[in-house]
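> no sequence for this one, just the structure:
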């Protein structure tokens, strides 16, 4: 009887001490990182191309809810024209922005660290905007950097999932030439539970 009672108590003790599985989320991701513990990678095949005036959604964590939209616009006639490429954070999501201008999306390079240490803002981020008429010519956005093409650059993103913050990147090529502009969404990744 004592042996049975001892085994019963031991079984209860072992069951009550069973460890709950801990879910971990990485606290950062590197721009361009496509593998590793807690990394969810998506390669858009073929790349999504946005031309003239178009919009594409991005569901970075593949949960069936669009997290961001990327939109291009273009218009030109003799003496007047404009073009832009803008990313918009949906819901409570955020974009990495330069400290100097939170209206623009930051230009990240491969292997830049994306974490809480970046400057985050929740709104639309201008990648590139240009305007001209007979009297003026202006442009803004870090994606041109003084040239007509910005290739292999990354946008840092932050997505709120329940009470967890996940970090990610979207790789985008943007070209603005006289008479046309386009953006290509090549791939993206984010941190995920592991």
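Sure, I can see it. Since this is a predicted model, take the numbers as computed values, not measurements.

> so who does residue 56 touch?
48, 50, 69, 70, 71, 185 (C-beta atoms under 8 Å, 6 or more residues apart in numbering). To be clear about C-beta, it is placed using only N, CA and C from the backbone, and glycine gets the same treatment.

> Skipping its backbone neighbours, what lies nearest it in space?
residue 48 (4.9 Å; C-beta to C-beta, 6 or more residues apart in numbering).

> Just give me the neighbour total for that neighbour.
By the measure other C-beta atoms under 10 Å, the count of residues near residue 48 is 16.

> Surely it and residue 187 touch.
No - at 10.0 Å, residue 48 and residue 187 do not qualify as touching, with contact defined as C-beta atoms under 8 Å.

> Closest one to residue 36 out of the contacts of residue 56, please.
Nearest to residue 36, judged by C-beta to C-beta, of these is residue 185 at 21.9 Å.

> Low-confidence stretches in the protein?
1-22, 144-149, 175-181 (pLDDT under 70).

> Provide a list of residues in contact with residue 46.
By C-beta under 8 Å, 6+ apart, residue 46 has no neighbours at all.

> Show me the helices in this structure, by range?
Ranges of helices within the chain are 2-16, based on DSSP state H.

> Please enumerate the strands of it.
Secondary structure of the chain (DSSP state E): strands located at 28-30, 39-51, 54-58, 68-77, 80-89, 94-96, 113-115, 120-121, 124-133, 137-140, 149-161, 164-177, 180-191.
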